[in-house]
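okay, sequence plus prediction incoming.
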Amino acid sequence: MTPAPPPTMERPHFIGIGGAGMSGIAKILARRGARVAGSDARDSETAAALRALGAQVHIGHAAAHLADDASCVVVSSAIREDNPELAEAARRGIPVVHRSAALAALMTGQRAIAVAGTHGKTTTTSMLAVSLTDLDLSPSYAIGGDLDAPGSNAESGTGELFVAEADESDRSFHRYRPEVAIVLNVELDHHANYASMDEIYESFEIFAGRIVPGGTLVVNADQEGAVTLTARLAGRPDLRIVTYGESPEADVRVLRVVPDRLASDVTVVLDGKELTFRVGVPGRHYAHNAVAALAAGVAAGIPAAELATALGTYTGVRRRLQLKGEAGGVQIIDSYAHHPTEMAADLEAVRGGAADGRVLVVFQPHLFSRTRELATEMGAALALADACVVLDIYPAREDPIPGVTSELIIDAARAHGADVRPEHDKDAVPDVMAGIARPGDLVLTMGAGDVTELGPKILARLSG
């Protein structure tokens, strides 16, 4: 049976309704019978998908968009205080609800599986959502990316399980009460909100402390930050910790990851038994994400063999090494990677898919603060490509920082021996790549901003 929306969210208004996290919550509420409305800076396929569910979506932000009978206003951390709709809500005394609080309310009364970590949350959450759906368990889920079509980032199922991506960037994952939680990795990121690794560890400890008594934490046994977190959590009562990875001490041990072009065959030892299953996306890090999903599902009571088979039905999520097409013998793949660890992992993953061809990258840095702190590491990651084009920084919610430009990354990449060139005109990239790419090559558009729009344009140019 599908739950009804909480009373405060029977007539919600979302500011930034087209965003990945916001649109998922809006979709679930619409499915549960709420009269959903909202606004976004521009029209999109996601907005169209929400309208198809009955939501009213305004383009642009204005106080007049806020309905007279709005029961609450839902915001994310990206919404600024001077937003006219937020100011109007304050003037009229309408409750303002953070996105994470809305999601937490939707999970009430269900068995939640929350997926956290600096990287891999969307992929791992998606793997669980797809596999549990394939097993006819009808889960609810909220994901930070679309599975196969605009608006497919969320569902309100009739089953008892609710799978959710748990965002650490603004500490909003402290609001959830999962039965099972996953921590994929722990690294310093989101520099506007965290000043040190100590702050990061403290934040993840609070998240782990929110797991319901007797619940399970599934945590990476190979990644340094996750191992440190596990040690800091040791001895906590009423918390079962299950580790996974290639470490001999891992509870769910990865024995082999055998790449097969844009897929992998994974063998693990779980409860003393070997289990082999296929992962339909390339790269060792995605194979490990699948193992984390397997361990979490088993902790929630799903038979391991059934879940492993169901995980094989996962074929990817938008922007996570998504094949956009092929033209002139050149494959175009889109990657959301924007942190150096993610960048290096995705570049290594697609290397096998390129066979004897070259890996060419179009990289768009995301956020001035991240570039300031991690430019050297980004440059080192880009050196794994055969050639790369670096665009200007995508600012998202940030204002420019003096002296912080893409040149910091370009200089670092060149210092690591990379073949790299700047490109300040994004519209020129299709012509640039047409002049570089040759049959057998693989072009990776990489970044968390609007670089994703270039894939189809590069394909069209290569086709011409």
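Arrived safely, thanks for sending.

ok, the nearest residue to residue 96 once chain neighbours are set aside - contacts?
Closest residue in space to residue 96, ignoring its immediate chain neighbours: residue 73 at 5.0 Å, by CB to CB, 6 or more residues apart in numbering. The way it works is simple: take the backbone N, C-alpha and C, and place the C-beta from them, glycine included. Residue 73 sits next to 12, 13, 14, 15, 66, 85, 86, 89, 94, 95, 96, 97 when contact means CB atoms under 8 Å, 6 or more residues apart in numbering.

how many other residues sit next to the nearest residue to residue 71 once chain neighbours are set aside?
Once flanking residues are discounted, residue 71 sits nearest to residue 11: 4.2 Å by CB to CB, 6+ apart. By other CB atoms under 10 Å, 17 other residues sit near residue 11.

and for the one 4 residues further on?
For residue 15, the neighbour count with other CB under 10 Å is 26.

could you do residue 209 as well?
11.

do you know how far it is from residue 176?
Distance of residue 209 to residue 176, computed by CB to CB, to the nearest Å: 11 Å.

beyond the helix or strand harbouring residue 306, next helix or strand please.
Using DSSP states H and E, residue 306 sits within helix 304-311. Following helix 304-311 in sequence order, the next helix or strand is strand 320-327 (DSSP H and E).

any idea of the mean pLDDT in that next one?
What strand 320-327 shows for mean pLDDT is 84.

buried set for that strand?
320, 321, 322, 323, 324, 327 (16 or more other CB atoms under 10 Å).

and the helices in the chain?
Ranges of helices in the chain, per DSSP state H, are 20-31, 45-52, 84-92, 99-107, 121-134, 197-209, 224-233, 284-299, 304-311, 340-353, 368-382, 407-415, 429-436, 454-463.

of all those, which one is nearest residue 265?
Comparing the helices of the chain against residue 265 with CB to CB, the closest turns out to be helix 284-299 (8.7 Å).

and the closest residue to residue 421 other than its chain neighbours, bridged to which residues?
Nearest non-adjacent residue to residue 421, counting by CB to CB, 6+ apart: residue 389, 5.7 Å away. Judged by DSSP bridges, the bridge partners of residue 389 are residue 362, residue 421.

where in this structure is pLDDT low?
1-2, 145-151, 190-191, 317-320, 352-354 (pLDDT under 70).

tell me, what residue is most central in it?
What sits nearest the mean C-alpha location of the chain, by CA atoms, centre = their mean, is residue 122, with 3.3 Å.

that residue touches residue 129, doesn't it?
No: taking CB atoms under 8 Å as the definition, residue 122 is not a contact partner of residue 129, at 10.3 Å.

anything in contact with each of those two?
Going by CB under 8 Å, 6+ apart, residues that sit against residue 122 and also against residue 129 are residue 143.

re earlier: the contacts of residue 73 in strands, which ones?
Using DSSP state E, the members of the contacts of residue 73 that fall within strands are 12, 13, 14, 15, 96, 97.

give me the buried entries from the residues you listed.
Applying 16+ other CB under 10 Å to these flags 12, 13, 14, 15, 97 as buried.

got the contact list for the closest residue to the second one other than its chain neighbours?
When the adjacent residues along the chain are set aside, residue 13 lies closest to residue 70, with 4.5 Å between them (CB to CB, 6+ apart). Taking CB under 8 Å, 6+ apart as the contact definition, residue 70 lies against 11, 12, 13, 37, 89, 94.

any idea how far residue 70 is from residue 77?
Note on residue 70: its distance to residue 77, by CB to CB, is 21 Å.

same check, this time on residue 449
17 Å.

how many residues are close by residue 306?
Residues near residue 306, counting by other CB under 10 Å: 14.

tell me how far the residue lying closest to it once chain neighbours are set aside lies from residue 156.
For residue 306, ignoring the flanking residues on the chain, the nearest one in space by CB to CB, 6+ apart is residue 135 at 6.2 Å. Separation of residue 135 from residue 156 (CB to CB): 18 Å.

next: residue 133.
12 Å.

just residue 143 next, same as before
13 Å.

which of those two has more neighbours?
Comparing residue 143 with residue 156 by other CB under 10 Å, the one with more neighbours is residue 143, at 28 against 21.

the more buried one touches residue 165, doesn't it?
Yes: assessed by CB under 8 Å, residue 143 is found in contact with residue 165 at 5.6 Å.

what do those two both touch?
122, 125.

so how far is residue 54 from residue 443?
39 Å.

who's more crowded, these two?
Using other CB under 10 Å, the more surrounded residue of residue 443 and residue 54 is residue 443, with 31 against 12.

in the sheet, who's paired with that one?
residue 332, residue 360.

just to check, residue 10 is in contact with residue 34?
Yes: counting by CB under 8 Å, residue 34 is a contact partner of residue 10 at 5.4 Å.

overlap in contacts, the two.
Counting by CB under 8 Å, 6+ apart, nothing touches both residue 10 and residue 34.

wait, residue 446 touches residue 364, no?
Yes: assessed by CB under 8 Å, residue 446 is found in contact with residue 364 at 7.2 Å.

ok, these two, which is more surrounded?
Taking neighbours as other CB under 10 Å, residue 446 and residue 364 compare with residue 446 leading, 31 against 24.

wait, what's in contact with that one?
Counting by CB under 8 Å, 6+ apart, residue 446 touches 334, 335, 336, 337, 338, 343, 346, 361, 362, 363, 364.

tell me how far it lies from residue 226.
24 Å.

do residue 296 as well
Where residue 226 is concerned, residue 296 sits at a distance of 14 Å (CB to CB).

go on, residue 429?
36 Å.

what about residue 252, how many residues nearby?
Applying other CB under 10 Å, I find that residue 252 has 23 neighbouring residues.

out of everything not next to it in sequence, what's closest to it?
Using CB to CB, 6+ apart, the closest residue to residue 252 is residue 244 (4.1 Å).

identify the bridge partners of that neighbour.
Under the criterion used (DSSP bridges), residue 244 bridges to residue 220, residue 252.

I figured it was touching residue 297, is that so?
No: contact criterion CB under 8 Å: residue 244 and residue 297 do not qualify, at 11.9 Å.

re earlier: from residue 67, how far off is the residue nearest to residue 71?
7 Å.

joint contacts of these two?
In contact with both residue 11 and residue 67: residue 37, using CB under 8 Å, 6+ apart.
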